[in-house]
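Novice: One predicted model, sequence on top.
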Amino acid sequence: MRIIRSPKAMQRQALQWRSRGLRVGFVPTMGYLHAGHLSLVHEARRRVGPDGVVVVSIYVNPTQFAPTEDLAKYPRDFARDSKLCREAGVDVIFAPTDSDMYAGREDGNYSTYVVEECLTQGLEGASRPTHFRGVTTVVAKLFNCVLPEVSVFGAKDWQQAAVIRRMVNDLQFPIRIVVAPTTRESDGLAMSSRNRYLQPEERAQATVLWRSQQWVRQEVRKSSRGVSVDRLRQGVVALVAECPAARLDYVAFVDPDTLRPVDSVRRGHRIVLAVFVGKTRLIDNGAI
Ligand code: AMP
């Protein structure tokens, strides 16, 4: 396994792979890897086969964090990440620095961003207004460095995956986007690098995101017709209220593709929610 730091070197390598006809699968991450990330690596390997190349990027992208968010304290452990990647059969870790990715940004000499204007409006986009501009920009830049044929994203960040799909489609990136299922702890909590911020009593209450989904699924499946959003929202609000450390940021019931809110919730729709547990903001979603 190789570690490549500079975008130029990554691009040179990618062009060489391309000229040799090698298939390249790519998993972008912010590091502090867990089994969820590794499931995306295995999916990338499945897609490109044993003779293909799997690249994981590890880059905590500053432009997707608001000034009030956790950029400085975002967990990092490159040595551990490298070991996990090597064991998972990754061929290359691409780990650029801020000065490589955004040279001149501090001095106002970086001014190009990629913006998706529709799917980013609600949900995470409403709670974190500058977030998706950072995500689409960095993913476009990473795609230009790695030149993958296929890139794997997690269903855990459902809106992000939809936005990336739209960007790839709208801007004609010749890349297949694959969305892999959410990996969970045994009690249902979606794996996340941010889970490490949780104090023990918060960790116990954090299962409320999963329990809310399960409850909603049950209610919808009991009914032969659609269930009203108001009723489901009230139920989720009540479940969250039982957890003293938890505060609901939003819960929404959406069409899985357009992300538009629905009035009456049926099987096939999606619940999407964000909950603060202590100071940690957790997101999750699931098919209903
Ligand atoms: P992050 O490092 O949090 O930016 O995530 C990098 C990629 O891993 C994104 O595509 C996420 O959706 C995905 N991911 C994060 N957590 C999980 C999980 N629990 N299961 C599956 N994929 C995940």
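Specialist: Nice, thanks for sending it over.
Novice: drop to CA atoms for contacts and neighbour counts, all remaining ones
Specialist: OK.
Novice: what comes up buried for stretch 138-158?
Specialist: For stretch 138-158, the neighbour count (16 or more other C-alpha atoms under 10 Å) marks 138-143, 145-158 as buried.
Novice: Go ahead and name everything in contact with that stretch.
Specialist: Stretch 138-158 has contacts (C-alpha atoms under 8 Å, 6 or more residues apart in numbering) with 7-8, 10-11, 14-15, 23-28, 36-37, 40-41, 43-44, 47-48, 55, 57, 61, 63, 114, 161, 164, 174-182, 190, 283-285.
Novice: does any part of it sit near the ligand?
Specialist: Yes. Using C-alpha under 6 Å from any ligand atom, stretch 138-158 reaches the ligand at F153, G154, A155, K156, D157.
Novice: What mean pLDDT does that stretch get?
Specialist: Stretch 138-158 shows a mean pLDDT of 98.
Novice: Now do the end-to-end distance for it.
Specialist: Terminal residues of stretch 138-158 are spaced 18 Å apart (C-alpha to C-alpha, to the nearest Å).
Novice: how far out from the middle of the chain is it?
Specialist: 10 Å (C-alpha atoms, centre = their mean, to the nearest Å).
Novice: And for stretch 163-183?
Specialist: What separates the centre of stretch 163-183 from the centre of its chain is 12 Å, taken as C-alpha atoms, centre = their mean.
Novice: just to revisit the earlier point, intersect the contacts of stretch 138-158 with the contacts of the ligand.
Specialist: With C-alpha under 6 Å from any ligand atom as the criterion, those include P28, G36, H37, P181, T182, A190 near the ligand.
Novice: The buried residues of stretch 138-158 in strands, which ones?
Specialist: Counting by DSSP state E, the part of these found in strands is V150, S151, V152, F153, G154.
Novice: So Q64 sits against V135, correct?
Specialist: Yes. Counting by C-alpha atoms under 8 Å, V135 is a contact partner of Q64 at 5.6 Å.
Novice: Of those two, which one has the most company?
Specialist: Set Q64 next to V135 and count neighbours by other C-alpha atoms under 10 Å: V135 wins out with 23 against 20.
Novice: Show the model's pLDDT score for E106.
Specialist: Listed pLDDT for E106 reads 89.
Novice: swap that for S224, sorry
Specialist: Per-residue confidence (pLDDT) for S224: 88.
Novice: quick one: secondary structure of it?
Specialist: Look at S224: counting by DSSP: H, G, I helix; E, B strand; the rest coil, its state is coil.
Novice: Could you tell me the end-to-end distance of stretch 87-94?
Specialist: Chord length of stretch 87-94, first to last residue, is 16 Å (C-alpha to C-alpha).
Novice: where's that stretch relative to the chain centroid, distance-wise?
Specialist: Its chain's C-alpha centre and that of stretch 87-94 lie 19 Å apart, by C-alpha atoms, centre = their mean.
Novice: do the same with stretch 161-173
Specialist: On C-alpha atoms, centre = their mean, the centre of stretch 161-173 falls 15 Å from that of its chain.
Novice: in it, what counts as buried?
Specialist: Burial within stretch 161-173, assessed by neighbour count using 16+ other C-alpha under 10 Å, is assigned to A161, A162, V163, I164, R165, R166, M167, V168, F173.
Novice: So which residues of the protein form helices?
Specialist: Assignment of helices within the chain using DSSP state H yields the ranges 7-19, 35-48, 78-87, 98-101, 123-127, 131-146, 158-170, 200-205, 208-222, 229-241.
Novice: V92: neighbour count?
Specialist: 20.
Novice: what about the closest residue to L84 other than its chain neighbours, how many neighbours?
Specialist: Leaving aside its sequence neighbours, L84 sits nearest to L33 (C-alpha to C-alpha, 6 or more residues apart in numbering; 7.6 Å). The local packing count at L33 equals 22, with neighbours defined by other C-alpha under 10 Å.
Novice: Need the phi and psi values for L33.
Specialist: Note on L33: its backbone torsions stand at phi -70, psi 150 [degrees, to the nearest 10].
Novice: My guess is it contacts R194. True?
Specialist: No. Using C-alpha under 8 Å, L33 is not in contact with R194; the gap is 10.7 Å.
Novice: Against A126, how distant is the residue of the chain positioned farthest from its centre?
Specialist: Most distant from the centre of the chain: S224, at 33.1 Å, with distances by C-alpha atoms, centre = their mean. S224 sits 33 Å away from A126, taking C-alpha to C-alpha as the criterion.
Novice: repeat for I164
Specialist: 17 Å.
Novice: Would you mind naming what in this structure lies close to the ligand?
Specialist: So the chain meets the ligand at 28-31, 36-37, 153-157, 181-184, 190-192 (C-alpha under 6 Å from any ligand atom).
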